[in-house]
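Chemist: only geometry, no sequence info:
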Ligand code: FE
């Protein structure tokens with residue numbers, strides 16, 4: 001995979017403030033505010049920064065957490081797991097493998113078949129609806 005490398009100033013020029021804060025500074029959007037929380041259409045969720053294909057609507061589920069949740073990425077290699085010690089917690093951060101955008105966190109309380117919960121910020125994603 002060809003990595004995309006840009007400076008913070010370059011990303012700042014390309015993204016709105018909220019998207020920049022979340023994807024490049026690892027901020028978290030407030031629960032129940034994201035635009036894709038209740039999105040039910042079929043399609044693919046891509047990285048808002050670089051377009052990398054991340055999650056399919058087929059793996060989206062209602063977690064009750066207030067953030068869009070998936071049990072599996074489209075391809076394991078498209079997302080990268082990173083240990084995150086911020087906020088006095090040990091969590092697994094999920095980033096875009098291609099451009100290092102912060103996407104959200106990974107938890108092991110998801111549904112079958114994986115038992116995983118990829119807890120994402122809507123602001124890190126751009127949804128491409130399937131052609132009907
Ligand atoms: Fe990306």
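Modeler: Arrived safely. Just so we're clear, the structure is a prediction, and the values are computed from it rather than from any experiment. Numbers count the residues shown, from 1 in each chain.

Chemist: and the next element down the chain from the longest helix along the chain?
Modeler: Assignment by DSSP state H gives helix 17-25 as the longest helix of the chain. Next helix or strand after helix 17-25 toward the C-terminus (DSSP states H and E): strand 43-47.

Chemist: Report all helices and strands that that next one contacts.
Modeler: Here strand 43-47 is seen to pack against strand 53-56, strand 125-129 when contacts are counted using 3 or more C-beta pairs under 8 Å, 6 or more residues apart in numbering; DSSP states H and E. All C-beta atoms are positioned from the backbone trio N, CA, C, and that covers glycine.

Chemist: residues contacting residue 91?
Modeler: 83, 84, 105, 106, 107 (C-beta atoms under 8 Å, 6 or more residues apart in numbering).

Chemist: For it, give the beta-bridge partners.
Modeler: residue 84 (DSSP bridges).

Chemist: can you redo the helices and strands packed on strand 43-47 as a markdown table with mean pLDDT and mean neighbour count?
Modeler: What follows is the helices and strands packed on strand 43-47, written out as a markdown table (pLDDT from 0 to 100; neighbours: other C-beta atoms under 10 Å):
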| stretch | mean pLDDT | mean neighbour count |
| --- | --- | --- |
| strand 53-56 | 98 | 21 |
| strand 125-129 | 98 | 16 |
